[in-house]
Each structure stands twice: as C-alpha cells, then as structure tokens.
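Undergrad: Fold the following for me, if possible:
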Amino acid sequence: MAGEFADRAALDAVLDRALAASNADETEVLIAASDSSLTRFTHNFVHESVTERNAQMSVRAVIGKRTGVAGTNRLDESGIAEVVKRAYEMAKLSTEDPMFPGLPASQDGVSEVPGSFDPATATATPEMRAAAVADIAKVMRVNDLYAAGYVSTQSDAFVIGNSKGVRRFHQGTDSAINVKAIGSDSSGYAEGFSKRFSDLEPTALAERAAKKAVAGKNPRALEPGKYTVILEAPAFREFLGYLSWIGFGAQPFDEGSSFLSGHIGEKLVGENVTVRDDYAHPLGSGIPFDFEGVPRQQVTLVERGVARSVVYDSYYAAKLHHANTGHALPAPNSEGPLPLNVVVDPGSTPLEDMIKDVQHGVLISRTWYIRLVDQKQTMITGMTRDGLFLIERGRVSKGLKNMRFNESIVGALGRCDLASALVRSESHVLPAVRIEGFTFSSGTEF
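TA: Numbers count the residues shown, from 1 in each chain. Modelled structure (predicted):
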C-alpha cells in the first residue's frame, strides 16, 4: 500500500488526528491510499513500466451552510494541520448554500463485498505483467501483427470518517489487460478486467484481438445509412457510460436535463431492458459505501423498460425529499451523484446465435471519440474502431472501414435485443446488444 500507510490502523490514526485538529462545525476526512502499476507495450515490446504509491487526504470543513475542501498527500503532523486549516479558511470564504443539509450521520447497513481484495494481485510484480505481455506478443508474431496496449494491477484502500460518527474502511484490488492487434490496414481489440489478476487470460485475449485484425484485412467501404448492428460489450459500455453520466444522477434529474426528468413510472425503452446500479455484482469492482461514507444501495434505474429511479447523495436526497442511495462522489464535484457500477440484465440469446439471425448488418467491436449532441434526447456521435465487420446471411464475412454514427441511446434501447452472457467492461457489467435501425452518418478512409 502507499508507503507507511499500509493498513486500517495507520489510516484511522491519520483520520482521527485530522478530525481532532479541526475547528469547523462539522468535518469530513477521506483518505485514499493506492499502489498502482502499469506496464505499457507497443510493437510487441514493453516500452514503459511504472508504479505509483500515494496516499491522498481530502478534508471538507463545514461552517454553518458554508463548506471548504482542501487536499494533500503530506500525512505527517504538519501536513495534517496545514490541510485542515486550509479547508477551514476556504469554508469561511465560500458562498453560503441554504440547501446544504450538513454531513451525513452514521448509519448501519454496510457489508463488505466478498472477494474485493486479492493478496496475489496486490503484490503482483513487474515480471508477472511482463510475462503477460510476452504471451500476447507470441500470438501477434504468429499472425504477423503487432500489439499495443497495457497490463495493470492495483491495490486501493479507502477510509472515510466525519465528526458525526461515520467511520468506513474498504480495501480492494483490480487488474486489467487491454490489447490492440495492429496490421497494415486493419486492427482488432480485446480487453479483460478482474479483481484477481490470475483470472485474466492474456493469450486468449490476444487471440481474440488477432482474429479480428486478420479477418479485417483489406476493408471495404460501407454506404452510410441505417443498419442492424451488434455492439460487443466494450462498445455497448460506451453507450451506457454516457447514459449514466447524463441521465441517471439526481443532479441532471433535478435540473430537467435528464431523459428521466418528469418520466418516472413511464415506459421509455424496450421491455427487455433492465438497468441497475449494483456495487456488489460478483463481476464488478464496487465498494459498499460512497465517498461520504453512506451505505450504497442497489438501485433499479430502469425495470423492464420503465423508468424507476435515479441515484442520490445526501445533498440531493435532502433537496428532493428522497432516500439517500449512497452515490456521492468526492467533494467538491460538479456532477452530483452518479452510478459507478451499472449492470444491464442479460437476454436469452447467445451472441453467436444473435449473429446467425442477422441477414445484413454490422458487427461493432469498439467505439471511440464519442461526443454528446443532445443531452435530453441522449443523442451522441462517435466512431467505430479496432474491428468493424459486415454480417451477411448470419456470418461475419469481411472487414469494413470505420464509420461515424449518430444515435439516440434511449432510442437504440427501444429497439434492441440483449445477448445472454454478461461481461465486465471498465466498471460496468453488461452483455452484447443487437440494435435495429442504427444510423451510420458517414464513412472514413481507414
């Protein structure tokens, strides 16, 4: 863990000193200690291997209805005293917010997520990550390709406390492999995420990416228009990530910019679509409390196509007279509460069978460069990347040059079919999806 702050006792001691040093009416302390390592590779060779160990403390001071936040990674006596004083002085100078409800009080209901911490992942060595790169490079050389990407491992600990009795601690690990297989005129992509590094399969991921790059050689152009498409999980995650940011939090809901504003209880997407925020999903990477120390709740956002709820923190729970669902981000933030562990319930059709049912369509491996066009209509634009293929008579037939698309996320969820297998992509868990009438607006030359 980060330097000397290797366990809960050490982190609790820092937290207690910070709380004791504060003269504010209310005080909150968040300490995040991390040990993260990243091995990057390109052209089948490691070109960078870095490890960062750090412990960062954030102090929020409250004076009446005024708040101030200051941070530091100096956790000695003088560093603690200085950051507590800065937070207090900032609170005195800040604008009063009459809606501020005060810091949350202590609550029961937090239970640790099983399997969050894996000692082998926490102590993974550079040699272990380099061995994964070697496995990937071996596959690439066989296929006359080169790979670029990264292998990462990390261990994190969070301790949160405030002057109203909140005390929380969580320790977890995570790991990831990202592989881009690159040929002369084609590329392929694969990714893997797990709390246990030993669960990742670098050879299998490399083979998946290489297969796409080989199959995509000599890509042809596709005419813009509406197509049946299948978004693999990494591409679908980009859609759900944007939807979470612009629509599933209490702040845009309150402001009226969320697609859910004024529509709770209405059917907005297909009956086969259920979206939840679930910090405890076994494939996920969630923690059991938010960054105010409030227990996270598993929230159904959309149930069988019907809008059910958004997520709340203490501020918006008080303002909108709703239960706090435990989704606060670290203060201060401009986004309000957000769902960080979105889960889309699967369908009943295996991805292979879904492809077989497409007579003329497109398989999308990955998307990138997505930008928001219309928040209320959930309209985005973006491009495909690292594996775009034509589907003809139920078979993936040939590679395509990349395409730009314009699509409403909610509209797409109203005409979709979900695959049966769940996959983790970044912090979300979701299946591949088939979408009818997907709009490609223009082509590219690559």
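Undergrad: Break down the stretch 51-200 of the chain into its strands, ranges please.
TA: 66-72, 146-162, 167-182, 187-194 (DSSP state E, counting those that start in this stretch).
Undergrad: Put together JSON lines for those strands, with distance to residue 360 and mean pLDDT on each row.
TA: Glycine gets a C-beta too; all of them are placed from N, C-alpha and C. Shown next, in JSON lines, are the strands of the stretch 51-200 of the chain (distance: least, Cβ to Cβ, whole Å; pLDDT from 0 to 100):
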{"stretch": "strand 66-72", "distance to residue 360": "54", "mean pLDDT": "98"}
{"stretch": "strand 146-162", "distance to residue 360": "32", "mean pLDDT": "97"}
{"stretch": "strand 167-182", "distance to residue 360": "27", "mean pLDDT": "97"}
{"stretch": "strand 187-194", "distance to residue 360": "22", "mean pLDDT": "98"}
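Undergrad: Can you lay out these as CSV showing mean neighbour count?
TA: Written out in CSV, the entries for the strands of the stretch 51-200 of the chain read as follows (neighbours: other Cβ atoms under 10 Å):
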stretch, mean neighbour count
strand 66-72, 19
strand 146-162, 23
strand 167-182, 22
strand 187-194, 24
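Undergrad: The protein: helices as residue ranges?
TA: Applying DSSP state H to the chain gives helices spanning 8-21, 77-93, 119-122, 126-142, 202-215, 233-247, 250-255, 314-319, 351-356, 409-413.
Undergrad: Now distance to residue 27 too, for the ones you listed, in a markdown table please.
TA: A markdown table is the format used below for the helices of the chain (distance: least, Cβ to Cβ, whole Å):
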| stretch | distance to residue 27 |
| --- | --- |
| helix 8-21 | 6 |
| helix 77-93 | 8 |
| helix 119-122 | 30 |
| helix 126-142 | 40 |
| helix 202-215 | 46 |
| helix 233-247 | 30 |
| helix 250-255 | 24 |
| helix 314-319 | 15 |
| helix 351-356 | 51 |
| helix 409-413 | 40 |
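Undergrad: ok, back up a step: want to throw the strands of the stretch 51-200 of the chain into CSV with distance to residue 131?
TA: What follows is these, written out as CSV (distance: least, Cβ to Cβ, whole Å):
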stretch, distance to residue 131
strand 66-72, 37
strand 146-162, 9
strand 167-182, 12
strand 187-194, 15
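Undergrad: looking at the ones you listed, which is closest to residue 281?
TA: Residue 281 lies closest to strand 187-194 among the strands of the stretch 51-200 of the chain, at 12.3 Å (Cβ to Cβ).
Undergrad: residues making contact with that closest one?
TA: 174-181, 200-201, 205-206, 208-216, 234, 285, 365-366, 385-387, 424-426 (Cβ atoms under 8 Å, 6 or more residues apart in numbering).
Undergrad: What separation is there between residue 95 and residue 68?
TA: 11 Å (Cβ to Cβ, to the nearest Å).
Undergrad: do the same with residue 82
TA: In terms of Cβ to Cβ, residue 82 sits 14 Å off from residue 68.
Undergrad: How about residue 175?
TA: The gap separating residue 175 from residue 68 is 37 Å, by Cβ to Cβ.
Undergrad: do residue 44 as well
TA: From residue 44 to residue 68 the distance is 50 Å (Cβ to Cβ).
Undergrad: ok, residues contacting stretch 7-23?
TA: 1, 4-5, 27, 29, 31, 33, 55, 57, 59, 61, 75, 77, 80-81, 83-84, 87-88, 157, 159, 161-163, 167, 169, 171.
Undergrad: Of those, select the buried ones using a PyMOL command.
TA: The PyMOL command for the buried members of the contacts of stretch 7-23 (criterion: 16 or more other Cβ atoms under 10 Å) is given here:
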select buried, resi 1+5+27+29+31+33+55+57+59+61+75+80+83+84+87+88+157+159+161+162+163+169+171
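Undergrad: Residue 368: neighbour count?
TA: Look at residue 368: counted by other Cβ atoms under 10 Å, it has 14 neighbours.
Undergrad: Same check on the one 4 residues further on?
TA: Residue 372 has 13 neighbouring residues, counting by other Cβ under 10 Å.
Undergrad: Isn't it up against residue 246?
TA: Yes - between residue 372 and residue 246 there is a contact under Cβ atoms under 8 Å: 6.6 Å.
Undergrad: pLDDT weak spots in the chain?
TA: Low-confidence segments of the chain, defined by pLDDT under 70: 1-6.
Undergrad: Tell me what the closest residue to residue 200 other than its chain neighbours is bridged to.
TA: Sequence neighbours aside, residue 192 is the residue nearest to residue 200 in space, at 4.6 Å (criterion: Cβ to Cβ, 6 or more residues apart in numbering). As for beta bridges, residue 192 partners with residue 177 under DSSP bridges.
Undergrad: any idea how far residue 203 is from residue 192?
TA: Distance of residue 192 to residue 203, computed by Cβ to Cβ: 11 Å.
Undergrad: Now do the shared contacts for those two.
TA: With Cβ under 8 Å, 6+ apart as the test, residue 192 and residue 203 reach no residue in common.
Undergrad: got a list of what the residue nearest the centre of the chain touches?
TA: For the chain, the residue nearest the mean C-alpha position is residue 427 (3.6 Å; Cα atoms, centre = their mean). Counting by Cβ under 8 Å, 6+ apart, residue 427 touches 284, 285, 286, 340, 341, 342.
Undergrad: For residue 148, which residues are in contact?
TA: With Cβ under 8 Å, 6+ apart, residue 148 has these contacts: 41, 42, 43, 180, 182.
Undergrad: Bridge partners for the residue nearest to the second one when sequence neighbours are not counted, pull those for me.
TA: If the residues on either side of it in the chain are set aside, residue 42 comes closest to residue 148, at 4.2 Å by Cβ to Cβ, 6+ apart. In this entry, residue 148 is beta-bridged to residue 180, by DSSP bridges.
Undergrad: what about residue 148, distance to residue 123?
TA: 27 Å.
Undergrad: can you check residue 401 too?
TA: 45 Å.
Undergrad: ok, the two, which is more surrounded?
TA: Set side by side, residue 401 and residue 123 show more neighbours around residue 401, with 17 against 13, by other Cβ under 10 Å.
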